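Here is a sequence with its predicted model. Questions after.
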Amino acid sequence: MAPLLEYERQLVLELLDSDGLVVCARGLGADRLLYHFLRLHCHPACLVLVLNTQPAEEEYFINQLKIEGVEHLPRRVTNEITSNSRYEVYTQGGIIFATSRILVVDFLTDRIPSDLITGILVYRAHRIIESCQEAFILRLFRQKNKRGFIKAFTDNPVAFDTGFCHVERVMRNLFVRKLYLWPRFHVAVHSFLEQHKPEVVEIHVSMTAAMLSIQTAILDILNACLKELKCHNPSLEVEDLSLENALGKPFDKIIRHYLDPLWHQLGAKTKSLVQDLKILRTLLQYLSQYDCVTFLNLLESLRATEKVFGQNSGWLFLDASTSMFVNARARVYRVPDAKLNKKTKMSESAEGQGQALNASLFTLEWEQVSA
């Protein structure tokens, strides 16, 4: 791994001086900071536990340390290791990657020597409230060991803007007193990045005609679902339930804000519409992210699910829905434009015939009433 940058060295020095929670912007190297502390404590004289890491990340850190020639590599404690032999693993020292469930059991049964633990490194610290096991581990550790360090890292500052006093609660569960905020506009970060500006090449890839047709169809279906939601719930704010707001990320929070207090009083139709809006927003996002085959499989799975469970989502029977499925298949199977236009015309003619039939039935009923 590349050596630490200037601002990273400054942050490491501050964190070595005292424990704390590091909240940095995405891309500023929270994983590099964690790796540096792993590198420092890869020694039998230390016993450091690492929480909230994925198996792929653990493998990456171990491989990087192996490349640098570290002799005492980190070890994993999984359910494959028996409870009796885990004590020997802990007493050998070094870095230990262990699952939260195993650590909880070992702390409660005193199988892990708490007084010998040098410290605990917590990755993805913003999840400490959601996963209560890690918070319980830290509490057990701090009760039995007052000298060991606790250093937490996260590169997801957006996760702290929800709830009341989220940062304070996270720090309380981490048993740390200092908060290190390192955004991109930090003086040290900004000055370093200004000296090494990247060369950015922006390539704009326009949508194909079929993708534009699918996008238009999804927007039409979204608009229809929003109108129906307003009809079933007149008390909702009309300004918030607009198509422009439905395209933004906070739309789910807006819907939740209005409907959560009344969710148990809402009918099945309203709940189905809320779920349909969520699905349609997902389709709109995946249209530009997934390839044509994966996107078509997603659409087909939605239709198959509706048939299997007997759920009647009205948007599946709209003309815009037909257009969406036709164009999604055309991207995969390369339907000729002539046939595609023919299908569109047939759909329009069928719609016209349906309107004419409704008009004739209305005239017949009116004549019978007049007679």
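Okay, I see it. Quick caveat: nothing in here was measured; it's all calculated off a predicted structure. Residues are numbered from 1 along each chain as shown.

does residue 35 sit in a helix or strand, and which one?
helix 30-40 (DSSP states H and E).

What is that helix packed up against?
Helix 30-40 sits against helix 6-17, strand 20-24, strand 47-51, helix 55-67, strand 119-123, strand 149-154, with contacts defined as 3 or more C-beta pairs under 8 Å, 6 or more residues apart in numbering; DSSP states H and E. No exception for glycine: its C-beta is placed from N, CA and C like everyone else's.

Reformat those as a markdown table; add mean neighbour count, mean pLDDT and distance to residue 170.
Formatted as a markdown table, the helices and strands packed on helix 30-40 follow (neighbours: other C-beta atoms under 10 Å; pLDDT from 0 to 100; distance: least, C-beta to C-beta, whole Å):
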| stretch | mean neighbour count | mean pLDDT | distance to residue 170 |
| --- | --- | --- | --- |
| helix 6-17 | 16 | 90 | 16 |
| strand 20-24 | 23 | 93 | 7 |
| strand 47-51 | 23 | 94 | 13 |
| helix 55-67 | 14 | 92 | 21 |
| strand 119-123 | 23 | 94 | 10 |
| strand 149-154 | 23 | 94 | 8 |
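
can I get those in a markdown table with distance to residue 180?
As requested, the helices and strands packed on helix 30-40 are arranged in a markdown table below (distance: least, C-beta to C-beta, whole Å):
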| stretch | distance to residue 180 |
| --- | --- |
| helix 6-17 | 6 |
| strand 20-24 | 5 |
| strand 47-51 | 18 |
| helix 55-67 | 21 |
| strand 119-123 | 13 |
| strand 149-154 | 10 |
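
and of those, who's closest to residue 38?
Of all those, it is helix 55-67 that lies closest to residue 38, at 5.8 Å by C-beta to C-beta.

what's the spacing between the closest one and its chain's center?
24 Å (C-alpha atoms, centre = their mean, to the nearest Å).

now could you export just the CA positions of that helix as CSV?
The C-alpha trace of helix 55-67 is given here as CSV (Å, rounded to 0.1, in the frame of the first residue of the first chain):
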residue,chain,number,x,y,z
PRO,A,55,-14.3,-11.1,5.0
ALA,A,56,-13.1,-9.6,1.7
GLU,A,57,-11.7,-6.6,3.5
GLU,A,58,-9.9,-8.8,6.0
GLU,A,59,-8.4,-10.8,3.1
TYR,A,60,-7.2,-7.6,1.5
PHE,A,61,-5.6,-6.2,4.6
ILE,A,62,-3.8,-9.6,5.3
ASN,A,63,-2.5,-9.7,1.7
GLN,A,64,-1.2,-6.2,1.9
LEU,A,65,0.6,-6.9,5.1
LYS,A,66,2.0,-10.1,3.6
ILE,A,67,3.3,-8.1,0.6
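
Understood, closing this out.
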